[in-house]
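> A structural model of the following input is requested.
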Amino acid sequence: MYPTLADPTQSLLMDIYYPSDRQAGKLLPAVIMANDFMMNGAWMQGNEELPNYYSAWCRILAINGIVGVTYDTLHPDDIDAVVKYIQENGPQLGIDGNRLGLFGSSSNGPPAGSFAEQENREYVKFLVLYYSYFKMSGQYTQEYKDFCKEVGCHLSELQEIKKLRTDLPLYVVRDGVDNPDIDSMVELATQAKVPLTLIKFVEGTHGFDFKDPNYTDEVVAKSIDIMNQTLDFMKAILFDQ
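Here you go, the predicted structure:
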């Protein structure tokens, strides 16, 4: 459990998934699944889909030798508290606090980007965004604010990023139906010469890596291939230290 920034007297759950073959005393890199939905929000009441999504990705990370971290949240800045807790307790947790990656999908991109793009956070080695973007100057629309007010996510509380970290590798998967704000973010990152990997999955829909009963076998195979490419990207950075 970690102390939430929304109320330091209150602790929230954090789930940590370890590789089955980890060695005692060896610190491993970790990927944190950013979470933008309040656990007490209206949309989360009885909704198992998001927790299952986070845990599924964490299990995939663990199978690939990376510690996967997911957490409950009450405030968008709880990602700061999670990282702080991991860094302060790294040896006990078996995690190398200087080798962290952030993964943000859909509305979870903004908290991941808002944290990773701050200066002096070199311990964040990459940012992966699936069908998502983080808030650059002027990008945030009233439509998204209204959506988050309704379902209980934190987007409207997050500050926009004014300046990109040009040293942070950015891995973006854009599906075939995403909004143009992703393209705007990619354009800004390209102009700033950010190390950028862009995957355009035109056959895919929002949430392609989790479930879609209408997918053909060919699209499922491509989804798996993109996920494997993402894992290769993560491993190349986290283990090449």
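> would you list every one of the helices in the protein?
49-63, 78-88, 90-93, 109-116, 142-151, 180-191, 217-238 (DSSP state H).
> Quick one: neighbours of the closest residue to residue 53 other than its chain neighbours, just the number.
Counting by Cβ to Cβ, 6 or more residues apart in numbering, residue 210 is the residue found nearest to residue 53 once chain neighbours are left out, at 5.1 Å. C-beta: built from backbone N, CA, C; applies to glycine. Residues lying near residue 210 (other Cβ atoms under 10 Å) number 16.
> And residue 191, by the same measure?
9.
> Residue 206 now?
Neighbour tally, residue 206, other Cβ under 10 Å: 16.
> Between the helices of the chain, which one is closest to residue 135.
Nearest of the helices of the chain to residue 135, taken as Cβ to Cβ: helix 109-116 at 5.3 Å.
> just checking, what packs against the closest one?
helix 78-88, strand 95-105, strand 124-130 (3 or more Cβ pairs under 8 Å, 6 or more residues apart in numbering; DSSP states H and E).
> And these: which comes nearest residue 56?
Per Cβ to Cβ, nearest to residue 56 of the helices and strands packed on helix 109-116: strand 95-105, 11.5 Å.
> May I have the strands that pair with that closest one, each with its orientation?
strand 28-33 (parallel), strand 124-130 (parallel) (DSSP bridges).
> Now do that strand against helix 78-88: the angle between them, please.
160 degrees (axes from the mean of the first three to the mean of the last three Cα atoms, to 10 degrees).
> CA atoms only: put strand 95-105 into CSV for me.
Taking C-alpha atoms only, strand 95-105 is exported to CSV below (Å, rounded to 0.1, in the frame of the first residue of the first chain):
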residue,chain,number,x,y,z
ILE,A,95,12.6,-2.8,-8.0
ASP,A,96,15.3,-0.6,-9.5
GLY,A,97,13.8,2.9,-9.0
ASN,A,98,16.2,4.3,-11.6
ARG,A,99,14.8,2.0,-14.4
LEU,A,100,11.1,2.8,-14.7
GLY,A,101,8.8,2.9,-17.7
LEU,A,102,5.3,4.4,-17.9
PHE,A,103,2.4,2.9,-19.9
GLY,A,104,-0.7,5.0,-20.6
SER,A,105,-3.7,3.8,-22.6
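> low-scoring pLDDT stretches of the protein, where are they?
Scanning the chain for pLDDT under 70 picks out 39-51, 136-141, 156, 211-213, 241.
> ok, back up a step: could I get the helices and strands packed on helix 109-116 as a markdown table with distance to residue 201?
A markdown table is the format used below for the helices and strands packed on helix 109-116 (distance: least, Cβ to Cβ, whole Å):
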| stretch | distance to residue 201 |
| --- | --- |
| helix 78-88 | 26 |
| strand 95-105 | 13 |
| strand 124-130 | 9 |
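> Now render these as a markdown table, adding distance to residue 24 and mean neighbour count.
Below are the helices and strands packed on helix 109-116 laid out as a markdown table (distance: least, Cβ to Cβ, whole Å; neighbours: other Cβ atoms under 10 Å):
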| stretch | distance to residue 24 | mean neighbour count |
| --- | --- | --- |
| helix 78-88 | 18 | 20 |
| strand 95-105 | 14 | 23 |
| strand 124-130 | 24 | 24 |
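> who wins for proximity to residue 19 among the ones you listed?
Once these are compared by Cβ to Cβ, strand 95-105 is nearest, at 11.7 Å.
> Surely residue 63 touches residue 18?
No - judged on Cβ atoms under 8 Å, residue 63 makes no contact with residue 18 at a distance of 10.7 Å.
> More neighbours: which of the two?
residue 18 (18 against 13).
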